[in-house]
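J.: Next comes the sequence, and after it the predicted model I'd like to discuss.
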Amino acid sequence: MAKVESKDRIHLRTNWAEVSLSTLRNNFRTIVQRVAPAMVCAVIKCNAYGHGVVECGRALEADGAKWFGVTDTKEGASIREAGINGRILLMTGFWRGEEEAVISSSLTPAVWTLDHIERLERALQAWRATEKLPVHLKVDTGMGRVGVPAADVEPLARRIAGSEYLELEGVFSHLASSEVLDADDATAQIVCFNHVLATLRAAGLEPPLRLLSNSAAIGGRPETWNTMVRPGLALYGYLPPLSAHAGIKIPAPLPVEPVLTWKARIVSQRDMPAGQAIGYNATYVTKAPSRIAAY
């Protein structure tokens, strides 16, 4: 329990969060077993969803994690400095001027524009790099966020294929409705992703890492696992409920458990009758005699 000291006494915090790294490791192992032989890229972006990126990264690496997904260069460099040795994927690419930091911290950037490619090549040339830098192509198959539109993949693929400084190690996209097992848009995205892979092959590229599955797809769409999956919320014990129309079997949920527990010290406890309004604007009214605790 966290403690705060003052001149007069030690005050115990009235509420706090506890993160179970053993539960995190168990969740990771559960996902690894579910998708094998596909690899797992453990998503620890945004401070590991608020769970503590360094502590979670270290625990996952100790349990065998080889890949980590982060938001940006700053986050990637910070966990590299903290001693994470695995591969670190910059899922939202990098900002102009961060090319040298990407190289010096051995980060793996997502790319989806010609400008990304040219800036990395100039930085690698200035760095006098003797080995090609692995990059992952981010493709927009229908989510409508970042990524090269599927229709524009071919010229970018040929540009990477001819690069003296870059190699295409991976390609990834994101399903908009992965938890809806009979969603037409998800089916269209899967078809689009497969077309992208064919386009890459035609350009002489066969990236070994192909990522399409997020947490919900890991739980309900094995046809999307490819050679790598990237669990985010599932690592921390949270899964969007899978749904489908009648007649479609919904798989049993992944047996993952919440990693974070919020605890509080009770400062008041009272027995209330049925029909008693509680709190501001009477937003809750007891339906039966209830014991109410305040913290």
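T.: Perfect, thanks for sending it. Numbering: from 1, shown residues only.
J.: got the residue ranges for the strands in the stretch 101-250 of the chain?
T.: For the stretch 101-250 of the chain, the strands defined by DSSP state E, counting those that start in this stretch cover 108-111, 133-140, 148-149, 166-172, 209-213, 228-229.
J.: So which of the ones you listed is nearest residue 78?
T.: Of all the strands of the stretch 101-250 of the chain, strand 108-111 sits nearest to residue 78, with 15.6 Å by C-beta to C-beta. Where you see a C-beta, it was placed from the backbone N, CA and C, and this is true even at glycine.
J.: So what's the residue count around residue 261?
T.: Residue 261 has 11 neighbouring residues, counting by other C-beta atoms under 10 Å.
J.: okay, the strands of the stretch 101-250 of the chain in TSV with mean neighbour count and mean pLDDT next?
T.: Listed next are the strands of the stretch 101-250 of the chain as TSV, based on neighbours: other C-beta atoms under 10 Å; pLDDT from 0 to 100:
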stretch	mean neighbour count	mean pLDDT
strand 108-111	23	98
strand 133-140	24	98
strand 148-149	18	98
strand 166-172	21	98
strand 209-213	25	97
strand 228-229	24	98
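J.: could you redo these as CSV and give each row distance to residue 180?
T.: Formatted as CSV, the strands of the stretch 101-250 of the chain follow (distance: least, C-beta to C-beta, whole Å):
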stretch, distance to residue 180
strand 108-111, 26
strand 133-140, 19
strand 148-149, 23
strand 166-172, 20
strand 209-213, 15
strand 228-229, 18
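J.: Out of those, which gets nearest to residue 51?
T.: Per C-beta to C-beta, nearest to residue 51 of the strands of the stretch 101-250 of the chain: strand 228-229, 19.4 Å.
J.: show me where pLDDT drops low in this structure?
T.: By pLDDT under 70, the weakly predicted segments of the chain are 1-13.
J.: which one's the longest helix in it?
T.: Longest helix of the chain, by residue count under DSSP state H: helix 184-202.
J.: What lies in contact with that helix?
T.: Helix 184-202 is contacted by residues 137, 139, 141-143, 150, 153-154, 157, 168, 171, 173, 175-178, 180, 206-207, 210, 212, 221, 223-224 when judged by C-beta atoms under 8 Å, 6 or more residues apart in numbering.
J.: Take the residues you listed and keep only those in helices.
T.: Reading helices off the contacts of helix 184-202 with DSSP H, I get 153, 154, 157.
J.: quick one: which of those is nearest to residue 24?
T.: residue 153 (35.6 Å).
J.: Which strand residues bridge residue 40?
T.: residue 229 (DSSP bridges).
J.: OK, contacts around it?
T.: With contact set as C-beta under 8 Å, 6+ apart, residue 40 has these partners: 28, 31, 32, 65, 67, 228, 229, 230, 231.
J.: which of the residues in stretch 206-223 are buried?
T.: Buried positions in stretch 206-223, judged by neighbour count with 16 or more other C-beta atoms under 10 Å: 207, 209-221.
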